[in-house]
Structure formats: structure tokens, C-alpha cells
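Undergrad: Quick one, what's the 3D model for this:
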Amino acid sequence: MRFAIFPLFLTFSPIFANENFKFLVNSNEEFCFFIDNAQQDTHKIHAMVLGSNNPVDVVVYDRDRNSFHTSPLETTHHFTLNVNYAALCFITPHHSTKVHLSVRKEQSQKGLNEIANEMLAKTNIIEDFMKVCLKIAYTLRDAQVQQKAHNMIEKQARTSSEELFERFNFWATINTLVMVFAVGAQVMFIRAMLGDHRLFEKTFSRFSSLEF
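TA: Residues are numbered from 1 along each chain as shown. Just a heads-up that it's a prediction; the model follows:
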């Protein structure tokens with residue numbers, strides 16, 4: 001797991017001054033930035049991903065409330081944050097092309113230098129945010145992978161059991177037909193034997209009634 005935190009303070013700082021900010025993320029990488037909202041302003045964040053067939057995981061972590069929410073980012077996504085301090089992370093898939101992310105932050109009342117200085121002063125706090133944020137994100141991702149694997153195994157087991165049941169029904173039907181045929185053959189054989197025995201008795205009685 002790689003944390004690109006300190007260089008991102010200066011890299012991501014224009015996001016708070018400009019309307020739009022675009023950056024490139026490689027496969028299986030995470031990029032986070034810190035949101036300071038001490039004045040309880042409403043920050044509207046609009047994010048868009050380009051050049052990837054797989055969704056990007058977006059995680060927002062609020063330290064004060066010790067809460068988080070995550071969602072996949074396929075094309076566009078909107079965030080409305082009413083928190084004091086939050087970390088916003090973009091995590092790219094393991095198998096993905098390079099992802100172009102476009103982020104726009106609105107309603108920021110602070111200047112660029114003030115925000116950058118506050119960010120640099122809160123390095124340790126941000127590192128804690130990133131660790132928790134990414135740990136949660138990867139835990140959720142692992143849980144999703146395990147759930148998919150479990151569903152696949154369950155589906156395969158269900159398919160195997162259905163095939164076994166179909167084979168059992170097939171051979172049970174064949175066995176029943178063989179038994180019916182065998183019983184029918186035995187009945188026909190017994191009837192034939194009884195018919196021959198009666199014919200023999202009639203013939204013997206006729207010969208015994210003859211006088212020589």
C-alpha cells in the first residue's frame with residue numbers, strides 16, 4: 001500500500017482555489033487529500049473518471065464523527081460534505097488502465113496559501129486519516145472479493161448438485177425401465193411355462209385314454 005500524502009499537499013492545493021483540477025492515477029494506486037471545514041461550510045465536490053472500464057473506489061472519512069462512506073465512481077459523482085475534518089480518497093482498481101480524474105470543489109471561503117499552510121501543519125492528522133481511510137477501503141474491497149468468490153463457489157456447488165441430481169434421475173429412470181422389462185419378461189416366461197405344462201397334461205391324458 002502506498003501513501004502519496006505529503007507531495008499531494010502542494011499538488012492538490014489548487015483544488016481549493018481553482019474550479020477544476022485534473023490528475024492522472026495509475027492502476028492500483030490511491031490518492032487522497034484533506035478537507036478542512038472548520039467553519040461548517042457546505043463543500044460540494046464533483047468528481048469524474050475518464051479512461052477506465054472499472055469503477056474507482058471513493059472513500060470519505062470523517063474523523064470527528066468516526067464515520068465513513070464509500071461508493072464506486074464509474075463516470076460522475078457528487079459529494080456534499082458537512083464535516084469539520086475529512087479525508088477524501090480515490091482508489092483505482094487492480095486491473096485498470098490509467099484513470100484521468102477531474103475534481104471540482106465549490107464554495108471554499110479560504111485562500112490558497114492559508115489552506116496549504118493548514119494542511120502542512122496537520123501532516124500527522126492527515127496521515128492518520130489516510131491510514132484509516134485506505135484500511136477501510138481495502139477491507140471493503142477484500143470483503144467484496146471474498147463475497148464474489150463465495151458466490152462463485154456456491155454457484156458451482158449448486159450447479160454440480162443439480163447435475164448430480166439430474167444424473168441420478170436419469171439412471172433411476174433407466175433402472176426402473178430395466179426392472180419393469182425384467183418383471184415383464186419373467187411374467188411372460190412363467191405364463192409360457194404354465195401354458196406348456198397344461199398342453200403337456202392334455203396331451204398325456206389323451207394318450208393315456210387310448211387303448212392298445
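
Undergrad: Isn't residue 73 up against residue 58?
TA: Yes: contact criterion Cβ atoms under 8 Å: residue 73 and residue 58 qualify, at 4.7 Å. All C-beta spots, glycine's among them, are computed from the backbone N, C-alpha and C.

Undergrad: any weak-confidence spans in this structure?
TA: Across the chain, residues meeting the criterion (pLDDT under 70) sit at 1-47, 50-53, 61-72, 74-88, 94-138, 140-141, 157-158, 160-161, 177-178, 180-212.

Undergrad: how about 50 then?
TA: Along the chain, the model assigns pLDDT under 50 to residues 1-19, 111-113, 115-116, 119-120, 204, 207, 212.

Undergrad: Quick check: the gap between residue 89 and residue 164.
TA: Residue 89 sits at a distance of 46 Å from residue 164 (criterion: Cβ to Cβ, to the nearest Å).

Undergrad: The two: which is more packed in?
TA: A count of neighbours by other Cβ atoms under 10 Å puts residue 89 above the other of residue 89 and residue 164, at 22 against 10.

Undergrad: Just list whatever residues bridge to that one.
TA: residue 32, residue 59 (DSSP bridges).

Undergrad: Next one: it relative to residue 145, how far apart?
TA: Computed with Cβ to Cβ, the distance linking residue 89 and residue 145 is 19 Å.

Undergrad: do residue 156 as well
TA: Taking Cβ to Cβ as the measure, residue 156 falls 16 Å from residue 145.

Undergrad: what's the answer for residue 152, then?
TA: 11 Å.

Undergrad: What's the local residue count around residue 93?
TA: 17.

Undergrad: Dump stretch 153-168 to CSV, keeping only the CA atoms.
TA: Extracted in CSV, the C-alpha atoms of stretch 153-168 (Å, rounded to 0.1, in the frame of the first residue of the first chain):
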residue,chain,number,x,y,z
ILE,A,153,-18.2,-21.4,-5.2
GLU,A,154,-21.8,-21.6,-4.1
LYS,A,155,-22.9,-21.3,-7.7
GLN,A,156,-20.5,-24.0,-8.8
ALA,A,157,-21.6,-26.3,-5.9
ARG,A,158,-25.3,-25.7,-6.8
THR,A,159,-24.6,-26.5,-10.4
SER,A,160,-22.7,-29.6,-9.5
SER,A,161,-25.5,-30.8,-7.2
GLU,A,162,-28.1,-30.1,-9.9
GLU,A,163,-26.1,-32.1,-12.4
LEU,A,164,-25.7,-34.9,-9.9
PHE,A,165,-29.4,-34.8,-9.3
GLU,A,166,-30.2,-34.9,-13.0
ARG,A,167,-27.8,-37.9,-13.4
PHE,A,168,-29.4,-39.6,-10.5
